[in-house]
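>>> Make a model of this:
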Amino acid sequence: MLGKLLGARYQIMEVLGAGGFGETYIAEDRQRPGHPKCVVKRFRPTNQNTSFLTVARRLFYTEAETLEKLGRHDQIPRLLAYFEEEKEFYLVQEFIEGRSLSDELRTNQKQSEAYVINLLEDVLGILSYVHNQGVIHRDIKPSNLIRRKSDGKLVLIDFGAVKSIETQMADEPKDRMELTVGIGTQGYMPCEQLAGKPKFNSDIYALGMIAVKALTGLQPLQLPSSPQTNELIWQNHAQVSPNLAAIIDRMIRYHWSDRYQSVFQVLEALGQISSPVPHTELPSEVKQTQRKAKRLLVFSIGVAAVITLVILAGKVLIPLFSNRHATNSLFKTNNPSDAAGDRISFGTKSLTPWQINSYKQEGIDLIKSGSYQPAIWALEKAREVNRSDPETLIYLNNARIGNAKTYSIAVIFPLVNSPQSALEMLRGVAQVQEEINAGGGINGIPLKVGIANDDNQPKIAQSVAQELVKNPEILGVVGHGISDTTLAAASVYQETELVAISPISSAVQLSGFGGYIFRTMPSDRFTARALSNYMLTRLNKQKVVVFYNSASLYSKSLKDEFKNALFYAEKGKILTEVDLAKPDFNPRASVEQAIKKGAEAIMLVPSSDVADRALQVVNINRRRLNLLAGEAFYSDKTLQIGAEDAEGMVLAIPGNITGEKGKLFQNKGLEIWGGNVNWRTALAYDATQALIAAIGKNPTRQGVQRSLSAPDFTISGATGDVSFRSTGDREAPVQLVIITPKTPGKSDNGYQFTPLK
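Prediction:
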């Protein structure tokens, strides 16, 4: 094959791997300038029977379509082409230049806890997309993760993947369902996968084993297991905090039902570990009511069963191809459509699958069938299981409304990379709905809330906005999350005259965007002024280095406003602007160079996707230079990973959550959610309150806009009064907080954010 030209385009240059039914090669694309490298996978059916090839061909193209969809994620190789030649099938994928994670995780070399958290979050971000497409990878291991040279991100690959082909292309298998056995790698493959029944959390198990390898420096097969429970014994080989150890332990439980059920649950646990609430059993009379409601779904289930029988009769249970990115296309589950409408729900589906429990699922099913009374009971029980879940409370209130007349709004929140922030926003909206409806509604009419997910992607945000504006019942929108998605969707809302109030977007570009765009988050201008004034007057420092992300509108906006604030103060100087997103970013070298240049302070304005790099700066600085940061750093992660190195860091956060009103709001949050709330919850609460007040004055889309724009419009919010300038900006304060030990003089019991007076 070496030197052969395939498809009149791809010239084979090197063999990467080979098996009994296929090979993987590095090739050059002779039809593109510079002849860039690509990866070619060749699959050779051993049975040349016409009927067999017909089925194989159809399934090959089905799998190719799956790979093409997966390749839309930035950290999965793109599918460049697929074709058939001389009764053999070929897939052409993007070549990823970089080094394997197995090169980083050398035997007997232990990695830091910060490294492992960064690794977990990076890969979980990829798996969230893969699993949302209904696909299980089934071979997560260090050699299938490449540290991309261009930007340092991990890419999920499958070079040399032929095991699935070998097991699925055998002649006339007796039972094709048994052919999934053996797909995976020993040490990273859980027991259910070994038995040929992989689950979505089989991938979570494998990723947990990578984390164990990183922390212990040992190969999985070098570690013992408990003879009584089969659970892995590894913590005595690692230096790891109890919280992270507990998360990894749950990722690698021997039985799949004891593990996290979704990647979002793991992300949630990494952000905040919650205590479980005891589960109680549904009483028999409610079960009977639910069974009656479910009869409405029998017809559709019966149709699905018929289709399944047809497939079984055709003996095409397993597709010809199922590479390490994909499982059988015919057996995908929970595969949501890419359509924007499937990202919106008023109660008929969960958009936070990591928060699901049996009661909640029952409630959703009952809402879908129109059985609101039993749905109310089930969702009330779901609240007892997990009080902190805002989606459950929203669906519960929607079920209580039933078919009555309502006023409707929507809230758009981000899931990818920001599940904790998403829940914090959603709690603010849910709290308002609960209070309004408990008080009789808006002029006697209850409030109905729809939720939507934009995955923190500007293009998706636009498509979701376009879908929302089509629904005439929706009178306003609370959202989106980051400035990038809010700006992307703002033009849609402005053009179609639907009010959008963003709770946590701060980029100055939103100021004066249009008469239908508002926000309860202060502009970056106020944040920058507060931090620059503190540096110049309280710290008496003037030379600063700024770390930011050139690819983030939020990060660039805050950096530019900080620069402007120093300019207008006529003192202070930014010595260097360091781009955290650059592929060759070196935190140690950047900090040392800053010190050599005479810097006195560091200003950190990362976006969420490069926050871990900024935390590396904090750890390397070791309190040598004063640290300043924007609200993106206001998280438990900063306290846990920054720890003693972050002590003394000053952050600017929106609103005075620690003031008299803020404390009352926090106490209410404790009552409703069973825990404290933060500024994101407060600002989402304020945005929703403003929208409700405007609907109460004039319940039309244009009327809501006129009410919010009126010079005398004002309401009492969670942290203070809410009113808007002609630019759509809120008149709001900025609060400075400092990181201090929880116990003065002691650093061994954790850190906290303390208000600066």
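>>> Relative to Val263, how far out is Ser257?
The spacing between Ser257 and Val263, counted by CB to CB, to the nearest Å, is 17 Å. Glycine gets a C-beta too; all of them are placed from N, C-alpha and C.
>>> What of Ala507?
Distance check for Ala507 against Val263: by CB to CB, it reads 29 Å.
>>> Ala461 too?
21 Å.
>>> got it, and Ile436?
As for Ile436, its distance to Val263 is 34 Å (criterion: CB to CB).
>>> what does Ile739 give?
Separation of Ile739 from Val263 (CB to CB) stands at 29 Å.
>>> all helices of the stretch 251-400 of the chain, in order?
Listed in chain order, the helices of the stretch 251-400 of the chain (DSSP state H, counting those that start in this stretch) span residues 263-271, 284-294, 298-313, 358-368, 372-385, 390-401.
>>> now what about the first one, what contacts it?
When contacts are taken as CB atoms under 8 Å, 6 or more residues apart in numbering, the neighbours of helix 263-271 outside the stretch itself are 117, 120-121, 124, 127-128, 131, 203-204, 247, 250-251, 260, 274, 352-355, 415, 419-420, 423, 635-637.
>>> Now do the strands in the stretch 401-550 of the chain.
With strands called from DSSP state E, counting those that start in this stretch, the stretch 401-550 of the chain shows them at 407-413, 447-453, 474-478, 500-502, 517-519, 543-548.
>>> Point out the most buried one among the ones you listed.
Ranked by mean neighbour count under mean count of other CB atoms under 10 Å, the strands of the stretch 401-550 of the chain are led by strand 500-502, which reaches a mean of 31.
>>> On the three-state scheme, the residue nearest to Gly572 when sequence neighbours are not counted is what?
The spatial neighbour of Gly572 that comes closest, neighbours along the chain excluded (CB to CB, 6 or more residues apart in numbering), is Leu566 at 3.8 Å. On the three-state scheme (DSSP: H, G, I helix; E, B strand; the rest coil), Leu566 is labelled helix.
>>> In three-state terms, label Ile146 for me.
For Ile146, the reduced secondary structure class is strand; criterion used: three-state DSSP.
>>> Run a quick neighbour tally on it.
23 (other CB atoms under 10 Å).
>>> Hmm, Gly98 and it touching each other?
Yes - with contact defined as CB atoms under 8 Å, Ile146 reaches Gly98; the gap is 4.5 Å.
>>> Spell out which residues are contacts of both of the two.
The overlap between the contact sets of Ile146 and Gly98 (CB under 8 Å, 6+ apart) consists of Val155.
>>> Now do the helices in the stretch 601-750 of the chain.
Under the criterion DSSP H, counting those that start in this stretch, the stretch 601-750 of the chain contains helices at 611-621, 636-637, 643-646, 660-673, 679-697, 701-709.
>>> Quick check, pLDDT for Glu362.
Glu362 is assigned a predicted lDDT (pLDDT) of 93.
>>> Look up the closest residue to it, ignoring the ones flanking it.
Ala378 (4.2 Å).
>>> among the helices and strands of this structure, which has the poorest mean pLDDT?
Averaged element by element with mean pLDDT, DSSP states H and E, the chain has its least confident helix or strand at helix 298-313 (a mean of 33).
>>> Quick check, pLDDT for Lys405.
At Lys405, pLDDT is 94.
>>> does it really touch Leu447, like I thought?
No - if you go by CB under 8 Å, Lys405 and Leu447 don't touch, sitting 11.4 Å apart.
>>> Which parts of the stretch 151-300 of the chain are strands?
Using DSSP E, counting those that start in this stretch, strands in the stretch 151-300 of the chain cover 154-156.
>>> In it, where is pLDDT below threshold?
Per-residue confidence of the stretch 151-300 of the chain (counting by pLDDT under 70) places the weak regions at 159-184, 272-300.
>>> Show me this protein divided up by domain.
Taking automatic domain parsing as the domain assignment, the record places the domains of the chain at 5-94, 101-157+165-271, 524-654+736-755.
>>> Make JSON lines from those domains and add distance to Ala500 to it.
Supplementary listing: those in JSON lines, determined by distance: least, CB to CB, whole Å:
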{"stretch": "domain 5-94", "distance to Ala500": "26"}
{"stretch": "domain 101-157+165-271", "distance to Ala500": "25"}
{"stretch": "domain 524-654+736-755", "distance to Ala500": "16"}
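>>> wait, which of these is closest to Asp455?
Minimum separation from Asp455 across those (CB to CB) falls at domain 101-157+165-271, 8.3 Å.
>>> Would you mind telling me which of Ile436 and Val263 has more residues around it?
The residue with the greater number of neighbours, taking Ile436 and Val263 and applying other CB under 10 Å, is Val263; the counts read 27 against 22.
>>> Next one: Ala27, what pLDDT does it get?
Model confidence at Ala27 (pLDDT) stands at 93.
>>> Assess the claim that the residue nearest to Glu362 and Ser369 are in contact.
No - in this structure Ala378 lies outside contact range of Ser369 using CB under 8 Å: 12.0 Å.
>>> So between those two, which is more surrounded?
Under the neighbour definition other CB under 10 Å, Ala378 and Ser369 were set side by side, and Ala378 has more, 29 against 18.
>>> mind listing what's buried in stretch 205-219?
Within stretch 205-219, the residues scored as buried using 16 or more other CB atoms under 10 Å are 205-218.
>>> ok, now stretch 361-372?
Along stretch 361-372, the positions that meet the burial threshold by neighbour count (16+ other CB under 10 Å) are Glu362, Gly363, Ile364, Asp365, Leu366, Ile367, Lys368, Ser369, Ser371, Tyr372.
>>> do you know how far Arg622 is from Gly441?
55 Å.
>>> more neighbours, these two?
With other CB under 10 Å as the criterion, Arg622 and Gly441 differ in neighbour count, and Gly441 comes out ahead with 18 against 10.
>>> Am I right that that one is in contact with Leu447?
Yes - the pair formed by Gly441 and Leu447 meets the contact definition of CB under 8 Å, at 6.4 Å.
>>> joint contacts of the two?
Going by CB under 8 Å, 6+ apart, residues that sit against Gly441 and also against Leu447 are Tyr407.
>>> Now name the helix or strand holding the spatially closest residue to Ala206 that is not a sequence neighbour.
The shortest distance from Ala206 to any residue that is not its chain neighbour, by CB to CB, 6+ apart, is 3.6 Å, and that residue is Ile140. Using DSSP states H and E, Ile140 is not contained in any helix or strand.
>>> Could you list which residues are in contact with Ile140?
Shown in contact with Ile140 (CB under 8 Å, 6+ apart): Val123, Leu127, Leu156, Tyr188, Asp203, Ala206, Leu207, Ile210.
>>> try 7 Å
In this structure, Ile140 makes contact with Tyr188, Asp203, Ala206, Leu207, Ile210, judged by CB atoms under 7 Å, 6 or more residues apart in numbering.
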